[in-house]
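Colleague: 3D, please:
(one chain, ligands or ions: 2)
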Amino acid sequence: MHLDPFELHRPTSVEEAVRLARELAGRCDYLAGGTDLLPNYKMHLNLRPHLIALGDVRELRGHSLDRVGAAEPLADLEADPEFRAAYPGVADALGEVATPLVRASGTLGGNLLVETRCFFFNQSYFWRSSLGFCLKADGDKCHVVPQKERCYATFSGDLAPAFLTLDAEVEVAGPSGRRRRPLSELYDAAGDGIRRLSLAPGELVVALHLPRAARGQRGRYKKLRVRPSFDFPELGVAVAGRWDERSVDRLSLAVGGVETYPRRFDELTSPLLGAPLTTDRVDELAEAVLRKVRPVHNTFLLPDYRRRMVAVYVRRALAEAREGGAAG
Ligand SMILES: Cc1cc2nc3c(=O)[nH]c(=O)nc-3n(C[C@H](O)[C@H](O)[C@H](O)COP(=O)(O)OP(=O)(O)OC[C@H]3O[C@@H](n4cnc5c(N)ncnc54)[C@H](O)[C@@H]3O)c2cc1C
Ligand code: SF4
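Modeller: Ligands and ions are numbered 1, 2, ... in the order given. The predicted structure is shown next:
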């Protein structure tokens, strides 16, 4: 596998990056750490002739407890003890992304926007050509659910579920200016699986903002994967909240790695507010989440196994969050 030639652009401001993306509409991708995009390019997956590198845009770097720049390397977040202590679920997730080497280059923005995965998609051009390709790249049919005209590739980023539980907001810049909206709205659940983000063409993720109330909650992220050394998630469960032995004040739960987009389950967690978090209630919640998710057979582990493990991981995440207490 080789990397085809491309033209590299190196803007130094958000405005310049967005202007370039508008001029090169349909022929460019943003390049952050490149740890997802470039391996995909080597497999000739949706190649573009122009790459807009984000590494020189200062506004995209840096982090505090309130804001993380989109091009901030994951290793820099992981190395900050104050950040890890304030957001224990995110800290778990950071430690689970790929390997330390990948986390040294991989960024927050790239992780939130990581390409969805499927074993008919993450293959060489030669491998895919033998099957006549698929809807997501170069073809016109889906090999996983052939009777439907949409893509079911799996969202496999580790950080999105953890940040979703914290009510994070994403700041986006585009030709018509800047806007901020809940992170959950970055993922377009109504799309066809190929269009799976609500970003307009050329829009750039600038930063993630964390509300003051996100700090100091109990939190955990539990990940199921085949090889613990570096595999993508086959399932990721994040929980965050505030509770004591008498009552639940706040509880949020999000799941990734099983469907095309990461999903928060407020409709299942809100009935638990104001009452003690008993083992029975946790069991009911775990079974309810299991009934909601619909994995398909496009990753290594069988969908029924991944679905059943959802309940196991919800129980484990909540048990560990209970033991861990509130973060500092
Ligand atoms: C061996 C290996 C194992 C991996 N395991 C995991 C894993 O376990 N969990 C996991 O979550 N990931 C994993 N990854 C994927 C990837 O390394 C990480 O998700 C990483 O955080 C991606 O960040 P990046 O900066 O390298 O993204 P890039 O590859 O640079 O970009 C990814 C996508 O996001 C877009 N993009 C990037 N930044 C912006 C922005 N600011 N605005 C708009 N678009 C943007 C790019 O155009 C591209 O489409 C793995 C990768 C490898 C190679
Ligand atoms: S789910 Fe279907 S369309 Fe999507 S990548 Fe897999 S085979 Fe292709």
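Colleague: The strand or helix carrying Ala319 vs ligand 2: in contact?
Modeller: Assigned by DSSP states H and E, Ala319 belongs to helix 303-324. No - Helix 303-324 stays clear of ligand 2 (C-beta under 6 Å from any ligand atom), getting no nearer than 12.2 Å. Glycine gets a C-beta too; all of them are placed from N, C-alpha and C.
Colleague: and if you look at stretch 283-302?
Modeller: Yes - against ligand 2, stretch 283-302 shows contacts by C-beta under 6 Å from any ligand atom at Asn298.
Colleague: got the contact list for Lys223?
Modeller: Lys223 makes contact with Ala93, Glu96, Asp158, Pro233, Leu235, Gly236, Val237, Gly257, according to C-beta atoms under 8 Å, 6 or more residues apart in numbering.
Colleague: so it sits in a strand?
Modeller: Yes - the assignment for Lys223 by DSSP: H, G, I helix; E, B strand; the rest coil puts it in a strand.
Colleague: where does it land on pLDDT?
Modeller: Among the per-residue scores, Lys223 holds a pLDDT of 98.
Colleague: Identify the residues contacting stretch 84-97?
Modeller: Residues from elsewhere that reach stretch 84-97 (C-beta under 8 Å, 6+ apart): 65, 74, 77-78, 83, 103, 106, 111, 158-159, 161-163, 165-166, 210, 214-223, 225, 233, 236, 238-240, 321, 324, 327-328.
Colleague: from the residues you listed, which ones fall inside strands?
Modeller: Mapping those onto strands (DSSP state E) picks out Arg218, Gly219, Arg220, Tyr221, Lys222, Lys223, Gly236, Ala238, Val239, Ala240.
Colleague: Check the stretch 101-250 of the chain for the residue nearest ligand 1 and tell me.
Modeller: For the stretch 101-250 of the chain, the residue closest to ligand 1 is Gly110, as judged by C-beta to the nearest ligand atom, at 1.9 Å.
Colleague: check contacts around that residue.
Modeller: Counting by C-beta under 8 Å, 6+ apart, Gly110 makes contact with Ala32, Gly33, Gly34, Thr35, Asp36, Leu37.
Colleague: One more: Ala53?
Modeller: Applying C-beta under 8 Å, 6+ apart to Ala53 gives the contacts Leu8, His9, Arg10, Pro11, Leu31.
Colleague: Looking at the contacts of Gly110, which are in helices?
Modeller: Among the contacts of Gly110, DSSP state H puts Leu37 in helices.
Colleague: So which elements touch the helix holding Ala319?
Modeller: Here helix 303-324 touches helix 88-96, strand 218-224, strand 235-243, strand 248-256, helix 279-292, going by 3 or more C-beta pairs under 8 Å, 6 or more residues apart in numbering; DSSP states H and E.
Colleague: Does Tyr59 belong to a helix, a strand or coil?
Modeller: Quick fix: residue 59 reads Glu, not Tyr. The three-state assignment at Glu59 reads helix, by three-state DSSP.
Colleague: Now do it against Gly109, distance only.
Modeller: According to C-beta to C-beta, to the nearest Å, Glu59 and Gly109 sit 12 Å apart.
Colleague: what's the answer for Pro5, then?
Modeller: Distance of Pro5 to Gly109, computed by C-beta to C-beta: 25 Å.
Colleague: More neighbours: those two, which one.
Modeller: Remark: of Pro5 and Gly109, Gly109 carries more neighbours, 24 against 7, as counted by other C-beta atoms under 10 Å.
Colleague: Show the average pLDDT along the helix or strand harbouring that one.
Modeller: Taking DSSP H and E as the definition, Gly109 sits inside helix 108-112. Confidence for helix 108-112, expressed as mean pLDDT, is 98.
Colleague: Quick check: buried residues in the helix or strand that comes right after that helix?
Modeller: Using DSSP H and E, the helix or strand that follows helix 108-112 in sequence is helix 125-130. Buried positions in helix 125-130, judged by neighbour count with 16 or more other C-beta atoms under 10 Å: Arg128.
Colleague: quick one, what contacts the residue nearest to Gly110 when sequence neighbours are not counted?
Modeller: Nearest residue to Gly110, sequence neighbours excluded (C-beta to C-beta, 6 or more residues apart in numbering): Ala32, at 4.1 Å. Counting by C-beta under 8 Å, 6+ apart, Ala32 makes contact with Leu54, Gly55, Ala70, Ala71, Gly106, Thr107, Gly109, Gly110.
Colleague: make it 10 Å
Modeller: Counting by C-beta atoms under 10 Å, 6 or more residues apart in numbering, Ala32 touches 53-55, 57, 60, 70-73, 105-111, 113, 205.
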